[in-house]
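Student: any chance you could fold what I've pasted below:
(one chain, ligands or ions: 1)
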Amino acid sequence: MQQILVTGGTSGIGLATAQQLKNAGHQVLITGRSQGNLDRALDQLNQSQGAEVNGLMCDQSQPEQIQALAEELIQSDVQLNSLVLNAGIFLPQMFDDMTLDNLNGHMATNVTGPLMMIQALLPIMKTPSSVVFISSIAVEKGFATAVAYSASKAAFEGAMAALNLELAERGIRVNCVRPGVTLTDIQRKAGMDDAAIAGLKQAMGQTPAGDMLGPDDIAPAICHLALEGSRHSRNARITVDGGYCL
Ligand SMILES: NC(=O)c1ccc[n+]([C@@H]2O[C@H](COP(=O)([O-])OP(=O)(O)OC[C@H]3O[C@@H](n4cnc5c(N)ncnc54)[C@H](OP(=O)(O)O)[C@@H]3O)[C@@H](O)[C@H]2O)c1
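Tutor: Down below sits the predicted model:
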């Protein structure tokens, strides 16, 4: 049984990953930034058999909350086999109108948060252990309104090679999954209405996969990188996009 922390495990890809890891017999912890969402996710996850999933509050855009999370985990003697850096935001704005707050917000949650999370949790990462970052196809394909988002995901990916070199001594490997367009709460949080979501579904109908992806389609690649089967992967980027980028 491996002990695995999934950030942003309250919905979408993080919740599906937490569920699949639990179903595979692992001990899972999730973080959330809202107590209500965290409680709802834990209720759902703990309906199935297996080790109880526990939840911790941590808004990762706030460095002091990351420190508090690390201290709580250290005090509880948690030792992590894997850290899944899934929590992220996408708040689209055309570049013309992009505000500094929007750019800084993406950077705080999607880059600074995950990097500081790794640093804060180093004392409880086992040797060997795995870090999996949830990136995006927006690193390789342009989407109008996604300048800040793409830059934030690319920034973390840009750090991965150096992280792998520096953390190799501790037996820590860092890899990422690049999901394609996946139906989760992220579209509503991004302000998309039913028509816009229908448009996305239609676009996904044109891909080789021929259908919109769901969180359960992305989670297996994350589980692979989190678990021992990927122990020789370093700096890998697994795209799961149904062929959207072809
Ligand atoms: N869905 C896609 O099409 C897609 C494509 C490529 C990449 N991704 C990436 O996949 C990851 C998961 O996204 P998703 O689609 O599953 O979206 P989602 O359903 O909105 O889930 C995002 C999760 O991150 C949490 N979160 C957001 N900001 C946070 C913060 N500051 N501190 C802590 N937790 C925070 C959310 O908490 P709340 O529940 O409180 O909001 C939620 O648990 C993200 O990194 C996203 O960029 C998604």
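
Student: C-alpha only now, for contacts and for neighbours.
Tutor: Will do.

Student: what's the end-to-end length of stretch 224-237?
Tutor: Stretch 224-237 has an end-to-end distance of 12 Å (CA to CA, to the nearest Å).

Student: spell out whether that stretch and the ligand are in contact.
Tutor: No. Contact of stretch 224-237 with the ligand (CA under 6 Å from any ligand atom) is absent, the minimum separation being 12.4 Å.

Student: which residues does that stretch contact?
Tutor: Here stretch 224-237 makes contact (CA atoms under 8 Å, 6 or more residues apart in numbering) with 82-84, 130-132, 160-161, 164, 173-178.

Student: just the buried subset of those, written out for ChimeraX, thanks.
Tutor: The buried subset of the contacts of stretch 224-237, as determined by 16 or more other CA atoms under 10 Å, is captured in ChimeraX by this line:
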select :82,83,84,130,131,132,160,161,164,173,174,175,176,177,178
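
Student: residue with max distance from the center of the protein?
Tutor: Asp96 (28.3 Å; CA atoms, centre = their mean).

Student: would you confirm that Asp211 belongs to a helix?
Tutor: No. According to DSSP: H, G, I helix; E, B strand; the rest coil, Asp211 belongs to no helix; its state is coil.

Student: give the full set of residues in contact with it.
Tutor: Asp211 makes contact with Lys201, Met204, Gly205, Gly242, according to CA under 8 Å, 6+ apart.

Student: I figured the last one hits Ala209, correct?
Tutor: Read it as Gly242. Yes. Here Gly242 reaches Ala209: they are 4.7 Å apart, a contact under CA atoms under 8 Å.

Student: those two: which has the busier surroundings?
Tutor: Between Gly242 and Ala209, counted using other CA atoms under 10 Å, Gly242 has the larger neighbour count: 22 against 13.

Student: who are the contact partners of that one?
Tutor: Shown in contact with Gly242 (CA under 8 Å, 6+ apart): Gly180, Met204, Thr207, Pro208, Ala209, Gly210, Asp211, Leu213.

Student: show the buried residues in those.
Tutor: By neighbour count, with 16+ other CA under 10 Å, the contacts of Gly242 hold Gly180, Met204, Thr207, Leu213 as buried.

Student: just the contacts of Gly242 now: which is nearest the ligand?
Tutor: When the contacts of Gly242 are compared for distance to the ligand (CA to the nearest ligand atom), Gly180 wins out at 4.9 Å.

Student: name the residues of the biggest helix by length in the chain that are buried.
Tutor: Counting by DSSP state H, the longest helix found in the chain is helix 147-167. By neighbour count with 16+ other CA under 10 Å, helix 147-167 contains the buried residues 147-157, 160-161, 163-164.

Student: ok, and what's touching it?
Tutor: 89-95, 102-103, 106-107, 110-111, 115, 135-136, 138-139, 172-176, 234-235.

Student: which bits of the chain sit near the ligand?
Tutor: 8-14, 32-34, 37, 58-61, 86-89, 109, 134-136, 179-186.
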